[in-house]
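Visitor: Next one to model:
(one chain, ligands or ions: 2)
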Amino acid sequence: MGKWWQNSTVYQIYPRSFNDSNGDGIGDINGITERLPYLKQLGIEVIWLSPVYQSPNDDNGYDISDYEAIMDEFGTMEDYDRMLAEANRLGLKIMMDLVVNHTSDEHHWFIESRQSKASEKRDYYIWHDPKTNGEPPTNWAAAFGGSVWEFDEATGQYYLHLFSKKQPDLNWENENMRHDIYQMMRNWLDKGVAGFRMDVINMISKDPRYPEGELLKTGYNDGSPYYFNGPKVHDFLQEIHQEVLADYETITVGEMPNVNVDQAKLYTGEDRKELDMVFHFDHVGLGDGELGKWTPKEWKLTELKKIFTRWQEGLDQVGWNSLYWSNHDQPRAISRFGDDRAQYREKSGKMLATCLHMLKGTPYVFQGEEIGMTNVKFDSIDDYRDLESINAYHELTDKGLLTEDEMIRAIHQRGRDNARTPMQWSSENHAGFTTGEPWIKVNPNYPDINVKDALAREDSIFYYYKQLIELRKQHEIFVKGRYQLLHPDREDVYVYERVLDDQVLVVLTNFTDQVVSVDMTVDLTKATCLITNETEAIKQTEAGYTLQPYGAYAFLLKR
Ligand code: TEU
Ligand code: CA
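Guide: Ligands and ions are numbered 1, 2, ... in the order given. All right, here's what the predicted structure looks like:
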């Protein structure tokens with residue numbers, strides 16, 4: 001099953017926040033081109049590019065109004081072609097973000113579709129009559145607040161939008177629509193892109209009965225059992241493979257909220273001819289309370305270990321894991337799973353990277369993760385830009401479910417803008433991201449946390465990531481080694497092994513700010529230390545091996 005991307009590392013760019021080349025305060029494609037040598041230096045091989053297509057930016061590009069034009073704010077198709085050529089010249093592959101569960105309501109397909117019931121594009125979207133009492137077809141809650149149904153006066157029907165009302169869901173039951181999507185995908189592959197990250201791709205098949213869901217605290221119903229992993233999702237994915245992907249050497253990853261291991265085997269099994277890997281959400285949902293991420297609770301390391309172990313063992317030999325701590329929808333890894341207090345920030349960042357990058361799967365590094373960027377705490381909701389946070393703030397406080405203070409604190413912990421503050425390039429004004437006014441404020445800690453500083457310090461997180469990425473290419477055990485969890489019940493350390501023939505990779509990570517001891521059956525004093533965030537060799541006492549706060553070691557030894 002050896003595929004080139006099994007020992008590659010993917011770097012995600014969120015273009016709006018990556019690098020502004022023309023001083024308008026918004027990241028752009030020429031800004032990306034300027035920084036390609038930096039990514040080459042890191043050692044990554046694939047760039048997952050969040051959407052750069054034409055969009056009104058209701059959801060920052062995840063609402064596409066033209067799949068084959070470049071967003072005005074990001075530049076031109078010529079800029080794009082130049083960036084693609086330069087990336088490919090440097091040996092960097094571009095993975096585009098395919099958002100085909102929905103378009104923007106400003107896409108010409110939707111403009112035509114809403115014009116009349118007789119429009120030939122009517123059935124490209126999901127239109128239903130009101131209930132006899134005039135209410136929407138179901139009471140389902142939309143991901144970004146309110147109902148999933150928006151009434152359209154012109155034709156007296158509702159259209160479905162699982163996200164914002166400016167993101168109408170496409171009707172995948174319509175064959176003409178599907179084939180328009182396939183042609184668009186082929187056009188991008190013919191330009192030389194390497195593949196696709198497929199946005200909420202397990203939502204494209206809906207239960208045709210549109211049954212009501214369970215009542216939620218918000219007063220809407222939970223329709224998610226009826227639009228995740230739906231009845232025809234595998235038919236559609238196999239058709240995408242057959243009509244498009246089979247003709248190219250691609251890398252594909254499906255973003256799949258609510259996917260479990262058994263379903264993932266069907267999505268990523270090599271014989272299934274669907275996708276190469278999926279993003280699951282089990283670990284990033286840790287601690288979710290009765291209002292999901294807006295009521296974040298403590299999480300337990302034993303829970304995290306159970307989740308990673310379920311996926312490592314579950315997909316072993318029959319599928320392939322993606323490995324990630326964060327992305328543009330998630331808080332910063334160090335703040336979420338590590339410790340962003342100054343004395344532990346870098347060390348816990350290296351510990352998290354060690355823990356993740358030694359697992360079986362393809363690692364994804366989110367922009368800024370490689371220099372240890374952290375969450376931000378803006379005082380006012382007015383400083384936030386993400387419609388998910390802003391809509392939730394108003395809906396949940398208006399309904400009296402959370403106070404404004406509780407909501408702001410939840411946004412500080414789990415809001416998506418934590419990942420969307422501008423990339424911190426230097427200690428210059430606006431962190432060197434722009435010479436203009438940034439579209440969202442820069443994290444005020446940029447004078448201490450920035451690329452220029454990281455590149456100047458050989459002990460920075462950047463060079464640690466570079467080393468991890470290189471190790472993955474050097475040792476077959478990273479790709480093929482069988483995973484084995486050790487000390488499953490401990491709440492302080494994550495210790496696991498990877499075994500390949502007579503080789504054993506032993507990974508020890510301390511997720512706490514305490515000194516701990518770990519007893520091991522293997523003799524680590526004779527092992528080769530591949531990488532560590534410590535300046536000294538591991539010590540052994542009668543209580544076992546000593547791990548300092550947020551200490552991490554990876555050893556290679558012969559059985
Ligand atoms: O995200 C899918 C998704 O489920 C998000 O709503 C995410 O889980 C949530 O924001 C976490 O709280 C994809 C894209 O990654 C996201 O940026 C888009 O907003 C969304 O789809 C709609 O395209
Ligand atoms: Ca710009």
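Visitor: tell me the contacts of residue 27?
Guide: By C-beta atoms under 8 Å, 6 or more residues apart in numbering, the residues touching residue 27 are 14, 15, 16, 17, 18, 19, 20, 74, 422, 423, 433. The way it works is simple: take the backbone N, C-alpha and C, and place the C-beta from them, glycine included.
Visitor: okay, the residues you listed in a markdown table with secondary structure and neighbour count next?
Guide: Below are the contacts of residue 27 laid out as a markdown table (DSSP: H, G, I helix; E, B strand; the rest coil; neighbours: other C-beta atoms under 10 Å):
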| residue | secondary structure | neighbour count |
| --- | --- | --- |
| 14 | coil | 25 |
| 15 | helix | 26 |
| 16 | helix | 26 |
| 17 | helix | 26 |
| 18 | coil | 23 |
| 19 | coil | 23 |
| 20 | coil | 26 |
| 74 | helix | 23 |
| 422 | coil | 29 |
| 423 | coil | 24 |
| 433 | coil | 27 |
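Visitor: which of those are close to ligand 2?
Guide: Residues shared between the contacts of residue 27 and the neighbourhood of ligand 2 are residue 20 [C-beta under 5 Å from the ion].
Visitor: of the contacts of residue 27, closest to ligand 1?
Guide: residue 14 (9.1 Å; C-beta to the nearest ligand atom).
Visitor: sec struct for the residue of the stretch 301-450 of the chain found nearest ligand 2, please.
Guide: In the stretch 301-450 of the chain, the residue that lies nearest ligand 2 is residue 434 (7.1 Å; C-beta to the ion). Per DSSP: H, G, I helix; E, B strand; the rest coil, the secondary structure class of residue 434 is coil.
Visitor: Look up how far residue 19 lies from it.
Guide: Separation of residue 434 from residue 19 (C-beta to C-beta, to the nearest Å): 8 Å.
Visitor: ok, now residue 538?
Guide: 39 Å.
Visitor: Give me the local confidence score for residue 16.
Guide: On the pLDDT scale, residue 16 is placed at 99.
Visitor: so what's it closest to, chain neighbours aside?
Guide: Leaving aside its sequence neighbours, residue 16 sits nearest to residue 27 (C-beta to C-beta, 6 or more residues apart in numbering; 4.9 Å).
Visitor: how far away is the one you found from ligand 1?
Guide: 15 Å (C-beta to the nearest ligand atom, to the nearest Å).
Visitor: Do I have it right that residue 353 meets residue 464?
Guide: Yes: between residue 353 and residue 464 there is a contact under C-beta atoms under 8 Å: 6.3 Å.
Visitor: Of all the residues in the stretch 301-450 of the chain, which one is nearest ligand 1?
Guide: Counting by C-beta to the nearest ligand atom, the stretch 301-450 of the chain gets nearest to ligand 1 through residue 329 (4.2 Å).
Visitor: contacting residues around that residue?
Guide: So residue 329 contacts 416, 419 (C-beta under 8 Å, 6+ apart).
Visitor: Now with 10 Å, please.
Guide: Under the criterion of C-beta atoms under 10 Å, 6 or more residues apart in numbering, the contact list for residue 329 reads 14, 50, 62, 255, 257, 279, 281, 284, 293, 366, 386, 388, 414-416, 418-420.
Visitor: Quote the end-to-end distance of stretch 482-499.
Guide: Using C-alpha to C-alpha, to the nearest Å, the end-to-end distance of stretch 482-499 comes out at 5 Å.
Visitor: Residue 91: neighbour count?
Guide: For residue 91, the neighbour count with other C-beta atoms under 10 Å is 8.
Visitor: Now for it: which residues touch it?
Guide: 40, 45.
Visitor: now residue 243, nearest residue through space, not along the chain?
Guide: residue 182 (4.5 Å).
Visitor: To clarify, my last question referred to residue 99.
Guide: residue 199 (4.1 Å).
Visitor: that older thread, separation between the residue lying closest to the residue of the stretch 301-450 of the chain closest to ligand 2 once chain neighbours are set aside and residue 234?
Guide: Among residues not flanking residue 434 along the chain, residue 20 sits closest, at 3.8 Å (C-beta to C-beta, 6+ apart). Using C-beta to C-beta, residue 20 is found at 41 Å from residue 234.
Visitor: for residue 365, same thing?
Guide: Applying C-beta to C-beta to residue 365 and residue 234 gives a distance of 30 Å.
Visitor: neighbour-wise, which of those two wins?
Guide: Neighbour tally, residue 365 and residue 234, criterion other C-beta under 10 Å: the higher count belongs to residue 365, 27 against 17.
Visitor: Correct me if wrong: residue 457 contacts residue 449.
Guide: No: Residue 457 lies out of contact with residue 449 (C-beta atoms under 10 Å); the separation is 11.6 Å.
Visitor: Tell me which of these two has more neighbours.
Guide: Taking other C-beta under 10 Å, residue 457 and residue 449 do not tie; residue 449 has more neighbours (24 against 11).
Visitor: and the gap between residue 228 and residue 522?
Guide: Taken as C-beta to C-beta, the span from residue 228 to residue 522 is 42 Å.
Visitor: quick revisit: so which of the contacts of residue 27 is the closest to ligand 2?
Guide: Nearest to ligand 2 among those, with distances taken as C-beta to the ion, is residue 20, at 4.0 Å.
Visitor: Check the residue in the stretch 1-150 of the chain that ligand 1 sits nearest to and give its pLDDT.
Guide: Across the stretch 1-150 of the chain, the shortest distance to ligand 1 (C-beta to the nearest ligand atom) belongs to residue 62, at 3.5 Å. Note on residue 62: pLDDT of 98.
Visitor: I figured it was touching residue 100, is that so?
Guide: No: Residue 62 lies out of contact with residue 100 (C-beta under 10 Å); the separation is 11.1 Å.
Visitor: what touches both of the two?
Guide: Going by C-beta under 10 Å, 6+ apart, residues that sit against residue 62 and also against residue 100 are 199, 200.
Visitor: And what about the residue in the stretch 101-250 of the chain positioned nearest to ligand 2, helix, strand or coil?
Guide: Nearest residue of the stretch 101-250 of the chain to ligand 2, counting by C-beta to the ion: residue 104, 20.6 Å away. Secondary structure assignment for residue 104 (three-state DSSP): coil.
Visitor: Please give me every residue in contact with it.
Guide: 53-59, 61-66, 110-111, 164, 166-168.
Visitor: next one: residue 446
Guide: Residue 446 neighbours (C-beta under 10 Å, 6+ apart): 373, 421-433, 453.
Visitor: Mind checking what secondary structure it has?
Guide: Residue 446 ends up coil, using three-state DSSP.
Visitor: and the stretch 451-559 of the chain, which residues reach ligand 2?
Guide: Counting by C-beta under 5 Å from the ion, no residue of the stretch 451-559 of the chain lies close to ligand 2.
Visitor: ok, which stretches of the stretch 451-559 of the chain are strands?
Guide: 482-486, 493-500, 503-510, 516-518, 528-532, 539-541, 544-547, 552-558 (DSSP state E, counting those that start in this stretch).
Visitor: For stretch 65-82, measure first residue to last.
Guide: So stretch 65-82: terminal residues 23 Å apart, C-alpha to C-alpha.
Visitor: That stretch: how far from the chain's middle?
Guide: 23 Å (C-alpha atoms, centre = their mean, to the nearest Å).
Visitor: Let me see the backbone angles for residue 278.
Guide: Per-residue torsions, residue 278: phi -130, psi 160 (degrees, to the nearest 10).
Visitor: Right, I'll call it a day here.
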